[in-house]
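In: structural data only, the sequence is not supplied:
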């Protein structure tokens, strides 16, 4: 966030709850088994298999057209799969619609921000929280009567370092701040796994650095799957990276392993 320090609080953690640095073992937050998607004769995603455990920070990188966004659309239920399975916390959700996956603990951000620029920061967060509940806003009640919703919104904004700008219209935030705010909205559903689709897209070098710091402040128990072209952000945030090439996982490893891989440098990072 440009010119503003990120709060030391863990973003997305419940107040008064101590978070472990990582949840080891147990059930995967997300598991893909032989996931494939074809559009006519085009194999956009081919036999992708991996697991993400609670607390994992995993990135998917690859050149344009590698199938990264298509893979996200399969995981989140926007596109039906051609073959394979998507398991969320042990449940087969391959044929579930997006809203049911959200209810089970999945949230996603997109490359393009989905904010209301004419509304305040606080109003955007309030709408995100209330929109996920069975009881929506009703016209005959004052907004201030939704105390629980207000308390949660203020808590999220305080953790993210946005509380001092809660009454600003979103249009007056920098692009980097808007990208961070969208992630705050993604936390409104109390997700257990967060899918981030190029959170640093369109950001300056300084804003990308701020974004990386912001992501590293997220609740350590939250599993994160990240698509990103900004390699500095990827190497700072992710503990494991998979390289997608023509819809297939070409290689998986630590940031150091991926950075030094001749195969990855040839097809993505560039060679001297």
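Out: That came in fine, so what should we check first? Quick caveat: nothing in here was measured; it's all calculated off a predicted structure. Numbering: from 1, shown residues only.

In: which ones are touching the residue nearest to residue 228 when sequence neighbours are not counted?
Out: Counting by Cβ to Cβ, 6 or more residues apart in numbering, residue 228 lies nearest to residue 234, which is 5.0 Å off, once chain neighbours are set aside. Using the backbone N, CA and C atoms, a C-beta is placed for each residue, glycine as well. When contacts are counted by Cβ atoms under 8 Å, 6 or more residues apart in numbering, residue 234 is found next to 59, 61, 226, 228, 241, 255.

In: what about residue 76, neighbour count?
Out: The local packing of residue 76 (other Cβ atoms under 10 Å) involves 20 other residues.

In: test my guess that it contacts residue 194.
Out: No. Checked against Cβ atoms under 8 Å, the pair residue 76 and residue 194 is beyond contact range at 11.3 Å.

In: mutual contacts of those two, please.
Out: With contacts taken as Cβ under 8 Å, 6+ apart, the residues that reach both residue 76 and residue 194 are 106, 108.

In: and the gap between the residue nearest to residue 228 and residue 147?
Out: When distances are taken as Cβ to Cβ, to the nearest Å, residue 234 and residue 147 turn out to be 40 Å apart.

In: and the strands in the protein, which stretches?
Out: Per DSSP state E, the chain carries strands over the ranges 30-39, 42-52, 57-61, 83-88, 91-92, 106-108, 193-197, 223-227, 240-245, 248-253.

In: and those as CSV, adding mean neighbour count and distance to residue 71?
Out: Written out in CSV, the entries for the strands of the chain read as follows (neighbours: other Cβ atoms under 10 Å; distance: least, Cβ to Cβ, whole Å):
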stretch, mean neighbour count, distance to residue 71
strand 30-39, 18, 7
strand 42-52, 17, 5
strand 57-61, 23, 7
strand 83-88, 18, 10
strand 91-92, 12, 18
strand 106-108, 24, 12
strand 193-197, 24, 10
strand 223-227, 23, 8
strand 240-245, 21, 7
strand 248-253, 16, 10
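
In: dump the ones you listed into a markdown table; add distance to residue 98 and mean pLDDT as well.
Out: Below are the strands of the chain laid out as a markdown table (distance: least, Cβ to Cβ, whole Å; pLDDT from 0 to 100):
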| stretch | distance to residue 98 | mean pLDDT |
| --- | --- | --- |
| strand 30-39 | 14 | 97 |
| strand 42-52 | 17 | 96 |
| strand 57-61 | 19 | 96 |
| strand 83-88 | 12 | 98 |
| strand 91-92 | 15 | 98 |
| strand 106-108 | 8 | 95 |
| strand 193-197 | 11 | 96 |
| strand 223-227 | 15 | 97 |
| strand 240-245 | 22 | 95 |
| strand 248-253 | 24 | 95 |
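
In: mind putting those into a markdown table with distance to residue 216?
Out: Output for those, formatted as a markdown table (distance: least, Cβ to Cβ, whole Å):
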| stretch | distance to residue 216 |
| --- | --- |
| strand 30-39 | 20 |
| strand 42-52 | 17 |
| strand 57-61 | 9 |
| strand 83-88 | 24 |
| strand 91-92 | 29 |
| strand 106-108 | 18 |
| strand 193-197 | 13 |
| strand 223-227 | 10 |
| strand 240-245 | 15 |
| strand 248-253 | 20 |
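
In: these: which one's closest to residue 261?
Out: The closest of the strands of the chain to residue 261 is strand 248-253. By Cβ to Cβ, the value is 5.9 Å.

In: against which helices or strands is the closest one packed?
Out: Helices and strands in packing contact with strand 248-253 are listed as strand 42-52, strand 240-245, helix 262-264; criterion 3 or more Cβ pairs under 8 Å, 6 or more residues apart in numbering; DSSP states H and E.
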